[in-house]
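# Everything below, folded, please.
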Amino acid sequence: MPFKINISEKGKTFHLETESEALVGKIIGETMQGEDISPELKGYVLEIKGASDKAGFAAFKEVEGQGLKRILLTYGKGMHKKPKGLRKKARKSPKGLRLRKTVRGNLISPSIVQINTIIKKKGEKNLEDIFPEQCKPKPKEEKPAEAAQAPAVAAQA
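Alright, predicted model coming up:
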């Protein structure tokens, strides 16, 4: 099963699918070379920041191993449920709320589908050059003066 890799760089994310087996056995927080993923990413150093499996369970850095575990979470990462009776407009984290949730361990295994990474060191080529189909071209804006004149000319004819 291919890995879907998200490479984040200053607010922009690039998506890549690979079947590289070099990722299996890595741990969240570990750095890796870009060539391990794709030969186009030569010179890049990437850090694994997170992952999730095919069922959507997030991988936690604090949980050892590669299997599913049920851990007790407080409000924050992995748990965003609000208790009963709390108004919708209240934005504070609820005090004392703890729930047992299923999460995945920090070891990358073949059951992981998505891996989130950030760039620690840039390579030879820019990511915009490597992934040109993911870069949106800037839309051309029509000037307001020209738009206002066009209906007036049509009305005179």
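# Can you name the residues in contact with stretch 56-74?
Stretch 56-74 has contacts (C-beta atoms under 8 Å, 6 or more residues apart in numbering) with 28-29, 50-53, 77-79, 97-109, 111-112. No exception for glycine: its C-beta is placed from N, CA and C like everyone else's.
# mind redoing it with 7 Å?
Contacts to stretch 56-74, defined as C-beta atoms under 7 Å, 6 or more residues apart in numbering, come from residues 28-29, 50-52, 78-79, 97-107, 109, 112.
# Strands of the chain, start to end?
For the chain, the strands defined by DSSP state E cover 3-9, 12-18, 31-33, 45-53, 68-74, 98-104, 112-121.
# Make TSV from those and add mean neighbour count and mean pLDDT to it.
Output for those, formatted as TSV (neighbours: other C-beta atoms under 10 Å; pLDDT from 0 to 100):
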stretch	mean neighbour count	mean pLDDT
strand 3-9	18	89
strand 12-18	14	88
strand 31-33	16	91
strand 45-53	19	92
strand 68-74	13	89
strand 98-104	15	87
strand 112-121	18	92
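# Make JSON lines from those and add distance to Cys135 to it.
Listed next are those as JSON lines, based on distance: least, C-beta to C-beta, whole Å:
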{"stretch": "strand 3-9", "distance to Cys135": "12"}
{"stretch": "strand 12-18", "distance to Cys135": "9"}
{"stretch": "strand 31-33", "distance to Cys135": "24"}
{"stretch": "strand 45-53", "distance to Cys135": "19"}
{"stretch": "strand 68-74", "distance to Cys135": "37"}
{"stretch": "strand 98-104", "distance to Cys135": "32"}
{"stretch": "strand 112-121", "distance to Cys135": "16"}
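# Relative to Glu133, tell me which of those strands wins on proximity.
Glu133 lies closest to strand 12-18 among the strands of the chain, at 10.1 Å (C-beta to C-beta).
# out of the strands of the chain, nearest to Lys136?
strand 12-18 (10.1 Å).
# In the sheet, which strands lie alongside the closest one, parallel or antiparallel?
strand 3-9 (antiparallel) (DSSP bridges).
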